[in-house]
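Enquirer: Need a 3D model of the sequence below.
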Amino acid sequence: MTNSAQYRSWTLNLSSWPAAAALAMAIMFALTGVAPSAQAQTFKALHTFTGGIDGAAPYAGLTMDRAGNLYGTAAFGGTGACENYQSPYGCGTVFRLVHTGSAWRFIPLYSFGGSATNDGSYPYGRVIFGPDGSLYGTSLGGGVQGNCASTLLIGCGTVFNLKPTPNPPPTPFTPWLENVLYRFQNLADGIEPRGELAFDQAGHLYGATAAGGASDSVLGGTIFELTSSNGSWTKTTLWSFQQAGPIGGVTLDQRGYIYGTTDIGGQYTDGSVYQLTPSGSGWTLNTLYSFSGSDGYDVFAGVILDSTGNLYGATINGQPSGEAVVFKLTPSDGNWAYSALYTIPGLYGGGPAGDLVMDAAGNLYGTTRGAGFNSNLPNGSVFKLTPSNGGWIYTDLYNFTGGSDGSHPYSNVVIDAEGNLYGTTSEGGSGCNGSGCGVVWEITP
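Expert: Numbering: from 1, shown residues only. Next comes the predicted model:
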């Protein structure tokens, strides 16, 4: 069973990362787009973060545009100095990897400035493309310096938008323009947005905060909506949890129903899958499933929908021996039937922390974060689940070593048209006091 200490284990470990400014000049050569080795290989590190202007600790996964370029966030690093109770650190970055032939060119798009610029700090969630083709995301801290119930963070968090300069930039390194759509005000308003955002068909934006809300508790959490009118955005809290911790993002179906997970909610406080439906002038919460331990517990990742309305997700832990569970929820006569597709044994909290992804053939892909005590995959892994004769076949695609290939992936997996897989690791590589600042990786079929 989870508890508040376990929930807080996701919170930033600021003391492990060096200041960004000291490394900024050292990495300029690394950003010039040197092509990777021409030798064919299954696994390839596309970029190794340094903790400087490129960033460090890319917890979130990647987003791919139609041209095959990759976009992501790094929770630390950059050019901004973030104040906290210890010393200044970089506030995080948004970056792009441009694909040109066999080469990948890393381009920093934005460095957060924290309280100095009121623009946000520590982006933990994945950026997404909005209907206008620009990027939208969240930052864990920054914004209003209110009652945020944390000695580690300055500010309660933000929702932001990034777009290129309207005129051709003088250099590829010219920063994109940031617009803060909303700054969370205080604990009651919701704090620490971590997961992925989602747009509905009307262009309204939805997301979750991992804490706060009407319960005024760090164990609460909210689901919110942002609507745009005449260039400004208005925030509405759709639901406030009493004890939940919705760490993952939200998913919408074609009806506008909202789906997500909670880390410590549900009947047994071991996590849940929920649905929010419009009801008159408000919203109704339906708990689709409550985890009880033997079927998994601690849900960091959100859920995804297939074409027939089934939900898929994963837990990072389970009983009795730390099994992570990949699960499916199937709608049936107004109820939802739970099935465990596959149990990954012996991870002890090191299961999937990022959303799963499904390819056109119905195969599922994901990562295990490998951060659990006595985990049998101590540095994390990339896996594939293939449906076969009513069951699922698990394939271990890659096990991270903690060296130059990276370690502890919290990210989702992105698939391109050729079936290549892409993602990030939060640590490994080089720098950052020996733990490594993280990498962007590719796995080819």
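
Enquirer: where do the strands sit along the stretch 301-445 of the chain?
Expert: Along the stretch 301-445 of the chain, counting by DSSP state E, counting those that start in this stretch, strands occupy 304-305, 311-314, 324-332, 335-344, 357-358, 364-368, 381-388, 391-399, 414-415, 421-425, 439-443.

Enquirer: where does this protein have low pLDDT?
Expert: 1-41, 83-89, 146-147, 149-152, 169-173, 216 (pLDDT under 70).

Enquirer: where exactly do the helices run in it?
Expert: 4-7 (DSSP state H).

Enquirer: quick one on the thing from earlier: any chance of the strands of the stretch 301-445 of the chain in JSON lines, plus mean neighbour count?
Expert: Where you see a C-beta, it was placed from the backbone N, CA and C, and this is true even at glycine. Output for those, formatted as JSON lines (neighbours: other C-beta atoms under 10 Å):
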{"stretch": "strand 304-305", "mean neighbour count": "16"}
{"stretch": "strand 311-314", "mean neighbour count": "26"}
{"stretch": "strand 324-332", "mean neighbour count": "20"}
{"stretch": "strand 335-344", "mean neighbour count": "16"}
{"stretch": "strand 357-358", "mean neighbour count": "18"}
{"stretch": "strand 364-368", "mean neighbour count": "27"}
{"stretch": "strand 381-388", "mean neighbour count": "18"}
{"stretch": "strand 391-399", "mean neighbour count": "14"}
{"stretch": "strand 414-415", "mean neighbour count": "18"}
{"stretch": "strand 421-425", "mean neighbour count": "28"}
{"stretch": "strand 439-443", "mean neighbour count": "24"}
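
Enquirer: Take the ones you listed and lay them out in CSV including distance to residue 104.
Expert: Formatted as CSV, the strands of the stretch 301-445 of the chain follow (distance: least, C-beta to C-beta, whole Å):
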stretch, distance to residue 104
strand 304-305, 26
strand 311-314, 28
strand 324-332, 30
strand 335-344, 30
strand 357-358, 20
strand 364-368, 20
strand 381-388, 18
strand 391-399, 18
strand 414-415, 14
strand 421-425, 10
strand 439-443, 8
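
Enquirer: Ok, which of those strands comes nearest residue 163?
Expert: Smallest distance to residue 163 across the strands of the stretch 301-445 of the chain (C-beta to C-beta): 21.2 Å, for strand 414-415.

Enquirer: Contacts for that closest one next, please.
Expert: By C-beta atoms under 8 Å, 6 or more residues apart in numbering, the surrounding residues in contact with strand 414-415 are 61, 62, 63, 64, 70, 357, 359, 365, 421, 422, 423.

Enquirer: Just put those in TSV and tack on distance to residue 100.
Expert: Conversion of the contacts of strand 414-415 to TSV gives the following (distance: C-beta to C-beta, whole Å):
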residue	distance to residue 100
61	22
62	17
63	18
64	15
70	12
357	25
359	25
365	25
421	20
422	16
423	20
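
Enquirer: and these, which two are the farthest apart?
Expert: Going by C-beta to C-beta, the pair spanning these furthest: 70 and 359, at 17.4 Å.

Enquirer: Counting neighbours, what do you get for the residue nearest to residue 293 when sequence neighbours are not counted?
Expert: Leaving aside its chain neighbours, residue 293 sits nearest to residue 319 (4.2 Å; criterion: C-beta to C-beta, 6 or more residues apart in numbering). By other C-beta atoms under 10 Å, the residues close to residue 319 number 14.

Enquirer: and what of residue 119?
Expert: 23.

Enquirer: next one: the one 4 residues further on
Expert: Residue neighbour count, defined by other C-beta under 10 Å, stands at 34 for residue 123.

Enquirer: can you tell me how far it sits from residue 157?
Expert: 10 Å (C-beta to C-beta, to the nearest Å).

Enquirer: likewise residue 302?
Expert: 17 Å.

Enquirer: same question, residue 445
Expert: Residue 445 is 38 Å from residue 157, by C-beta to C-beta.

Enquirer: can you check residue 260 too?
Expert: Distance from residue 260 to residue 157, by C-beta to C-beta: 17 Å.

Enquirer: the more surrounded of residue 302 and residue 157?
Expert: Between residue 302 and residue 157, residue 157 has the larger neighbour count (other C-beta under 10 Å), namely 31 against 26.

Enquirer: is it true that the more buried one touches residue 145?
Expert: No: with contacts counted by C-beta atoms under 8 Å, residue 157 stays clear of residue 145, the gap being 11.5 Å.

Enquirer: circling back: what sits in contact with each of residue 123 and residue 157?
Expert: With C-beta under 8 Å, 6+ apart, residue 123 and residue 157 have common neighbours 138, 139, 140.
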